[in-house]
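1. Return atomic coordinates for the entry below.
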Amino acid sequence: MRRPIYQLKISLKGASPPVWRRVLVSGNRSLKTVHEVIQLAFGWTNSHLHLFEFPDGSVYTDPRFMLDHVGNDDEGKVKLRTLAKTKGARFNYEYDFGDEWSHTIEVEDILDPDGVGRTPRVIAGEGAGPPEDVGGVRGYSEFLAAMADPTHERHDELKEWIGEHWPVFDIEGTNQALRSAFGRSR
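-> Modelled structure (predicted):
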């Protein structure tokens with residue numbers, strides 16, 4: 001296939017309740033684009049470092065990060081299809097090295113582009129993307145518990161902190177953000 005469409009399932013490791021997204025993205029896109037899609041799909045602001053790590057030990061990130069603790073290559077210079085070549089391939093994505101948002105990305109399918117429609121696009125998902133700087137999976141769990149209980153000692157504080165940006169998964173809103181960011185991509 002000249003222009004394969006990848007169906008990826010991106011799952012936030014350790015999240016309870018589960019947080020995941022199923023996206024369609026061209027295999028001809030760079031890992032940099034995959035990163036941008038993940039940011040929008042989870043409602044994040046791209047304000048922290050990130051990296052991709054593959055089973056062979058290769059690491060890709062934005063070269064401006066200059067991650068001295070790991071050898072890494074430029075995510076903008078490598079296409080998804082050259083690293084994840086088959087259905088069932090898995091790799092990792094980490095965002096915000098302080099909060100340690102670790103994700104498993106699985107290639108669920110590789111599709112012919114005919115009839116797929118616009119990409120990148122989210123086609124399914126579960127769970128709200130955690131707010132930036134909430135304290136990782138543990139902090140997110142504590143946040144959700146406090147927000148669900150108006151009598152919780154931190155409820156008012158966290159409600160004020162989150163403001164009007166209460167995390168929800170809105171597939172239509174997410175796809176609108178992807179259309180705005182990527183135009184009429186394929």
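2. State the pLDDT value of the residue sitting furthest away from the middle of the chain.
-> The centre of the chain is farthest from one residue, Thr151, which by Cα atoms, centre = their mean lies 32.6 Å away. Per-residue pLDDT puts Thr151 at 96.
3. tell me what the least confident helix or strand in the chain by mean pLDDT is packed against?
-> When the helices and strands of the chain are scored by mean pLDDT, DSSP states H and E, strand 73-74 comes last with a mean of 88. For strand 73-74, the packing partners by 3 or more Cβ pairs under 8 Å, 6 or more residues apart in numbering; DSSP states H and E come out as strand 59-61. Where you see a C-beta, it was placed from the backbone N, CA and C, and this is true even at glycine.
4. Give me the sheet partners of the strand it packs on and which way each runs.
-> strand 50-53 (antiparallel), strand 73-74 (parallel) (DSSP bridges).
5. average pLDDT for stretch 53-70?
-> For stretch 53-70, mean pLDDT rounds to 82.
6. contacting residues around Arg22?
-> Gln7, Leu8, Lys9, Ile10, Glu108, Val122, Ile123, Ala124, Gly125 (Cβ atoms under 8 Å, 6 or more residues apart in numbering).
7. Nearest residue to it in space, please, no chain neighbours.
-> Spatial nearest neighbour of Arg22, chain neighbours left out: Ala124 (4.1 Å); criterion: Cβ to Cβ, 6 or more residues apart in numbering.
8. Could you give the number of residues near that neighbour?
-> As a burial measure, Ala124 scores 12 neighbours (other Cβ atoms under 10 Å).
9. Please list all residues in contact with it.
-> If you count contacts by Cβ under 8 Å, 6+ apart, then Ala124 has Arg21, Arg22, Ile171 around it.
10. do Glu106 as well
-> Leu8, Lys9, Ser11, Gly88, Ala89, Arg90.
11. can those residues go into a markdown table with extra columns for pLDDT?
-> Shown next, in a markdown table, are these (pLDDT from 0 to 100):
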| residue | pLDDT |
| --- | --- |
| Leu8 | 98 |
| Lys9 | 98 |
| Ser11 | 98 |
| Gly88 | 98 |
| Ala89 | 98 |
| Arg90 | 98 |
